[in-house]
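K.L.:
Pasting a predicted model and its sequence here:
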Amino acid sequence: MITNNPHGGNLRTNLEKAYALGWVGNKENFIDASANLNPLGHPPWLNEILYKAHENVTHYPDPDYLSLTNATALYHKVPRGSIVFGNGADEIMFALGRALYKFFIHASCTNMQSQNQPRMQNLGISNNSLKPEGMNHHETLKTGHFYHNHYHNHKPAAIIAVPSYTSYGEALTNAGFTVQETTYSQLSSMLQSLCTEKTKETEPHISHNVDGCNRIKHESIENKINDSPYITDNCTTLWIGAPNNPDGVLPFGYPESIIQLADKYPHCIFVIDEAFIDFTEHTSLLQYISTRSKLPENIIVIRSLTKIFAVPGLRIGYAIVPEQLSQALRNEIPNWPLNTIAEQFSIRSFTLPDTFQYIEKTRLFITEEKQRIFSALDNYYTFSQSCANFYCI
């Protein structure tokens, strides 16, 4: 069967194209730049895991991934119940699209006799915490009251900031969402405006990432999506890359601005893809939250070990999800999404002190290489001011 997967890293098809163009080398000498992996290669502890793999492959993985969950929770300082693993970040994205669609559909279809409460037991969500009377904005995510009133006669809508990773749109469309697009520069304009408003309210300080990674040419005020009706009245979920793929740009003021955005639009679920955040010198959303408070109930963070550890063949993805939605996401993922080799590699990656040294060494190398490459390109091309290990020309 021929697939229609546009994702990079397909060595077979890339080799076929190279041979068709006249390349005469062999597979071992072929450099595949179609996937944004760590140029330093996989970490040394992978060899040990592979050497001992025979000890584990005769057994099923732990279906609950208890040891891995504990290691991940300790590493990110998040509740264990909020962690969901998948066979790569893509499986998480497609499963999340289905889970969110079911959540919004159940919320909008709830009859008035249940006081607008979504039938969340079918999604693995308890109704015990629902408070239909006197609820505040943050409780709308649990009760679905907003969704019943606003989406009863409408198909759930999602927004993606383009250009973006193609799987966002595919996952949402396949799940049943109506996908609307905004530009990444419009998104950053909105965040800049939001941060400015917040600064005026809370003087004297809000720190922002203001270097080249998120300095974007902002569009006119008319084009800003701040307070746009299609966000406040029609959008159920907004998916953002941080840093964005394919240009490597971070949202303005990240990560503080995203938390402010989620607070301003509590009815919207914000899905943040941090698959490449470890290549940057900036604070991740999970790091920011761990030192201040818990993750807002309408933010979901997707992470991957594939890119930073250069192990795409192991397929290791995970999400940090509000606990009232985590079981709904698990219900959309088959049993044992990670094999025993991926499980053991992940545990080691989250517990070894060498992990931090490996990531820091990678960041230093990427920073030096960007300076060299951007200096060479500067006089000839226009390119994105990426803070990741890739860029757009």
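P.N.:
All right, it came through fine. Numbering: from 1, shown residues only.
K.L.:
Can you report phi and psi for G241?
P.N.:
Dihedral pair for G241: phi -90, psi 130, per degrees, to the nearest 10.
K.L.:
who are the neighbours in contact with it?
P.N.:
Residues counted as contacts of G241 (CB atoms under 8 Å, 6 or more residues apart in numbering) are A161, S164, Y165, Y168, D273, A275, F276. Yep, even glycine has a C-beta here, placed from its N, CA and C like the rest.
K.L.:
now do 7 Å
P.N.:
Applying CB atoms under 7 Å, 6 or more residues apart in numbering to G241 gives the contacts S164, Y165, D273.
K.L.:
Please report how far it lies from R348.
P.N.:
27 Å (CB to CB, to the nearest Å).
K.L.:
Over to F252?
P.N.:
In this view, F252 and R348 are 36 Å apart by CB to CB.
K.L.:
The closest residue to T236 other than its chain neighbours: neighbouring residues, count only.
P.N.:
Spatially, and ignoring its direct neighbours in sequence, T236 is nearest to P156 (4.6 Å; CB to CB, 6 or more residues apart in numbering). For P156, the count of nearby residues is 23 (other CB atoms under 10 Å).
K.L.:
that older thread, more neighbours, F252 and R348?
P.N.:
Neighbour tally, F252 and R348, criterion other CB under 10 Å: the higher count belongs to F252, 27 against 17.
K.L.:
which residues of this protein score low on pLDDT?
P.N.:
Within the chain, the segments meeting pLDDT under 70 span 1-11, 14-15, 18-19, 28-35, 108-154, 197-234.
K.L.:
Strands of that one, start to end?
P.N.:
83-86, 157-162, 178-183, 235-241, 269-273, 299-304, 317-320 (DSSP state E).
K.L.:
Out of these, the one nearest A376 is which?
P.N.:
In terms of CB to CB, the element of the strands of the chain nearest to A376 is strand 235-241, at 26.0 Å.
K.L.:
where's that closest one relative to the chain centroid, distance-wise?
P.N.:
Relative to the centre of its chain, strand 235-241 is centred 10 Å away, using CA atoms, centre = their mean, to the nearest Å.
K.L.:
Let me know how buried the nearest residue to R80 once chain neighbours are set aside is, in neighbour terms.
P.N.:
Spatial nearest neighbour of R80, chain neighbours left out: A73 (4.5 Å); criterion: CB to CB, 6+ apart. Residues lying near A73 (other CB under 10 Å) number 17.
K.L.:
same deal with L40?
P.N.:
For L40, using other CB under 10 Å, the count is 14.
K.L.:
residues in contact with it?
P.N.:
Contacts for L40 (CB under 7 Å, 6+ apart) come out as K361, T362, F365.
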